[in-house]
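Enquirer: Sequence and predicted structure are below.
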Amino acid sequence: MDQTQADGPRPVGDEFIGRQVDQYQIIRELGRGGMATVYLARQLNMNRQVAIKILPRVFLHDPQFIERFKREVQLIAELEHPHILPVYDFGEHEGIPFIVMRYLAGGSLRDQLNDGLPPLKDLRRPIEQLCSALDFAHGEGIIHRDLKPSNVMLDDHGNAYLSDFGIAQIMQDAGRLTGSAVIGTPAYMSPEQAEGRPLDARSDVYALGVVLFEMITGREPYQADTPMAMLLKQITEPMPSPRAYRPDLPEAVERVILKATLKDPAARYPSAGEFARAFVAGLAELSVEQSSTRLPLPPSVEPTFVPGQAALETAPQDENMPTVIGEEAAVQSRAPAKTPPRKAASAPAAAPAEATRQGEPTAPVAARRGPWWIGLVALLVIVMAGGAILAASGALGRGGEEPLPTAAPPTPFPGADTYRGPQNVYQISVPGGWQKQDFSSGDEVFVLWAAPDGSAYAALRMVPAGEEDTAGFNRWIEAHTAAHYDDPRYFTPIDRASQPDGSLRVSFRLPQPGAIHDRFGPGQLDLFYSRQGAYNVAVEVFTADGGDLEAVLPSLQAVLASVYIPVAS
């Protein structure tokens, strides 16, 4: 994860800046990634600056993320290497895990690239050091799976350090935590990773070839508007020629990149060390001018993903957010709103939904785009079947594309009540005995299901999309949050996280009792916004303080995984 300083004001709702976490005084935010936020801090008992990685509260809903976070500490502790970012400490603060790492003031390869294309000769040392770290990790049976410029840190002397093993995979234990989900950053994924196949060291070699391509040309090899399109290009399209963008590049260096990024793993370099040796040999063909000239970034470079940021007030999309294709990433932003829903609307309800116990037949529902909130933060799941890739995320701002084929409605989980809306407009399963309240009015669907003790609820809101472009979707999000979640007495913004496909999570802290419907609070509220078929959709998930999270969270995960919106709706 990039440790570079984040410019601008303190993020709204950031609860750590200025506070003391254990023996560490938090100074400012350095960067955000797919699983955590990194802060600059001062270790008081040793009077030194450190980087501290803290897991956001929203991820505490998912025990799988906590397990990955803790595993990162164990992995790095075992990987003692001069060019793997060292960990100093590990602990918990108010139940939130944190990792303390060495602070590197030199930024990352991403920052170096933002300053212009580095002289080719200056790439030798970081590439050799990075490859040495990868060879060591591979020798220990660990592959990184998310190698990219922002995960390569630099010290003041330009030495490189491999960081962020948060989604690394232990080869002997592949799939235990993530199942069939594909995790990583699509622009740097190997074809086998994009297809969900078993991985070995050669997958990291592929990513390393993509990184070198970008450091030399100033652009990623493939450009695409969605993560799915990017993955398809990684799988099917030949790697473009680096010399097409950098004509003065020696052919020997180009051959190194093209071999490292071959589609067939068996045809690549067998190890990162072999890659480094071939690259150094290719540099021998450089002229003096080629080896020492820093070039500006090409003006035509465009971002890989354009997630409709205008209404979200986010910084430009950056690669610190691995697509999870299993795992969501946070984007710093303001959380606007206007008035809290102190009382549920009493307008006439729409036609009542039907409830059935698990195992009882329900009417078939047309194909849909979900489930798209699996694990609370998994907004994109890649499903492999018969060599085909099926997108399970909502299509936001996709224009007139034909809907991708998807699976049948989810099977209700054990003990669930399953509800279908009028005309089968939705299907959802909730724990048996949860109380249903229908606040639907006019053409808006708004239904809430709550645990009898008030420890949790899930709600589904659906509004006809109207404006079909991404800007219209973003305006609806802003209007919805502005209509319900502004009063600071009842709603404290935590953060919001944008997915590359345009979907969005917005999280609030509810400090007061009765913040919602005069019943729910204190606790945490997470809203998941997406465009599903002809509807703008918001799913609300609430968890009360003091509740049995170990019991509640699996139920909420099952509820979110069950949401089914027919594309034809």
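Expert: In hand now; what should we look at?
Enquirer: In contact with the nearest residue to Phe16 once chain neighbours are set aside, which residues are there?
Expert: Spatial nearest neighbour of Phe16, chain neighbours left out: Ile26 (4.8 Å); criterion: Cβ to Cβ, 6 or more residues apart in numbering. Where C-beta positions appear, they are placed from N, C-alpha and C, glycine not excepted. By Cβ atoms under 8 Å, 6 or more residues apart in numbering, Ile26 lies in contact with Phe16, Ile17, Gly18, Arg19, Gln20, Tyr39, Leu40, Ala41, Ile52.
Enquirer: Likewise for Leu130?
Expert: Leu130 touches His83, Val152, Ala160, Leu162, Leu208, Ala272, counting by Cβ under 8 Å, 6+ apart.
Enquirer: Apply 6 Å and report the result again.
Expert: Neighbour list for Leu130: Val152, Ala160 [criterion: Cβ atoms under 6 Å, 6 or more residues apart in numbering].
Enquirer: Please identify which helix or strand holds it.
Expert: helix 124-139 (DSSP states H and E).
Enquirer: Mind listing what's buried along that helix?
Expert: 126-138 (16 or more other Cβ atoms under 10 Å).
Enquirer: for stretch 434-445, what is the average pLDDT?
Expert: The predicted model assigns stretch 434-445 a mean pLDDT of 92.
Enquirer: First-to-last residue distance for it?
Expert: With Cα to Cα, to the nearest Å as the measure, stretch 434-445 spans 19 Å from end to end.
Enquirer: what comes up buried for that stretch?
Expert: By 16+ other Cβ under 10 Å, the buried positions in stretch 434-445 come out as Trp434, Asp438, Phe439, Ser440, Glu444, Val445.
Enquirer: okay if I get these as TSV plus distance to Ile96 and secondary structure?
Expert: What follows is the buried residues of stretch 434-445, written out as TSV (distance: Cβ to Cβ, whole Å; DSSP: H, G, I helix; E, B strand; the rest coil):
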residue	distance to Ile96	secondary structure
Trp434	28	coil
Asp438	36	strand
Phe439	34	coil
Ser440	37	coil
Glu444	36	strand
Val445	35	strand
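Enquirer: Pick the one among these closest to Ile99.
Expert: Of all the buried residues of stretch 434-445, Trp434 has the smallest distance to Ile99: 36.9 Å, by Cβ to Cβ.
Enquirer: give me the number of residues near the nearest residue to Ala544 once chain neighbours are set aside?
Expert: Using Cβ to Cβ, 6+ apart and skipping residues adjacent in sequence, the residue nearest Ala544 is Gly523, 4.1 Å away. Around Gly523 there are 22 other residues, counting by other Cβ atoms under 10 Å.
Enquirer: What values do phi and psi take at Gly523?
Expert: Torsion angles at Gly523 (phi, psi; degrees, to the nearest 10) stand at phi 170, psi -160.
Enquirer: Quick one: residues contacting it.
Expert: Leu510, Phe542, Thr543, Ala544, Asp545.
Enquirer: Leu232 versus the first one, what's the distance?
Expert: Spelled out, that is Leu510. To Leu232, Leu510 is 41 Å away according to Cβ to Cβ, to the nearest Å.
Enquirer: more crowded one of the two?
Expert: Leu510 (23 against 16).
Enquirer: Quick check: that one vs Leu527, distance?
Expert: Counting by Cβ to Cβ, the gap from Leu510 to Leu527 is 12 Å.
Enquirer: what do you get for Leu79?
Expert: 38 Å.
Enquirer: Compare those two (neighbour count), which wins?
Expert: The neighbour count for Leu79 versus Leu527, taken as other Cβ under 10 Å, is higher for Leu527 (23 against 20).
Enquirer: For that one, which non-adjacent residue is closest in space?
Expert: Distance criterion Cβ to Cβ, 6+ apart; nearest residue to Leu527, sequence neighbours excluded, is Val506 at 4.7 Å.
Enquirer: Farthest-apart pair in the contacts of Gly523, please.
Expert: Pairwise distances across these (Cβ to Cβ) peak at 10.8 Å, for the pair Phe542 and Asp545.
Enquirer: any chance you could read off phi and psi for Trp449?
Expert: phi -120, psi 130.
Enquirer: what is it paired to in the beta sheet?
Expert: Lys436, Ala458 (DSSP bridges).
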